[in-house]
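Colleague: generate coordinates for the sequence data below:
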Amino acid sequence: MPAPAVPDLTLPLAQPITLTRGPCSHLVTLMDAAILIRDLEPFRQARPVWDRAAEIILIAAETGKSDDIAEATRQLLVCVERENWWKPARADEVIE
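Modeller: The predicted structure is shown next:
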């Protein structure tokens, strides 16, 4: 049985995320995203959207695939937009 992949949380997100509000101002790596989630208040952490983001971040860190990293970034953007901590500055930043 092969050894499980060691998560690499130093991988960069698909795009840096600068928050307009919230506990952290600039997210660049999967580690930044993981720390943001770790430090959330328990009532926020309990929300399914944040749970899903944490799951996808770990998957992206384990696989290192660009598609997984893009999905982790997208899910993180969904989370921070729902918390009103980020708003797209341009039309091309809108979450699909």
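Colleague: tell me the contacts of the residue nearest in space to the middle of the chain?
Modeller: Of all residues in the chain, the one closest to the mean position by C-alpha atoms, centre = their mean is Leu76, 3.6 Å from it. Neighbour list for Leu76: Leu13, Ile17, Leu27, Ala33, Ala53, Ile57 [criterion: C-beta atoms under 8 Å, 6 or more residues apart in numbering]. C-beta here means a position set from N, CA and C on the backbone, and glycine is covered the same way.
Colleague: how about the helix or strand hosting it: buried residues?
Modeller: According to DSSP states H and E, Leu76 maps onto helix 66-82. Within helix 66-82, the residues that count as buried by 16 or more other C-beta atoms under 10 Å are Asp68, Ile69, Glu71, Ala72, Thr73, Arg74, Gln75, Leu76, Leu77, Val78, Cys79, Val80.
Colleague: give me the below-cutoff pLDDT ranges for the chain.
Modeller: Across the chain, the ranges flagged by pLDDT under 70 are 1-4, 24, 90-96.
Colleague: just the strands in it please.
Modeller: Applying DSSP state E to the chain gives strands spanning 12-18, 26-29.
Colleague: including mean neighbour count, could these go into TSV?
Modeller: Formatted as TSV, the strands of the chain follow (neighbours: other C-beta atoms under 10 Å):
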stretch	mean neighbour count
strand 12-18	16
strand 26-29	16
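Colleague: wait, Val80 touches Ser25, no?
Modeller: No. Using C-beta atoms under 8 Å, Val80 makes no contact with Ser25, being 11.3 Å away.
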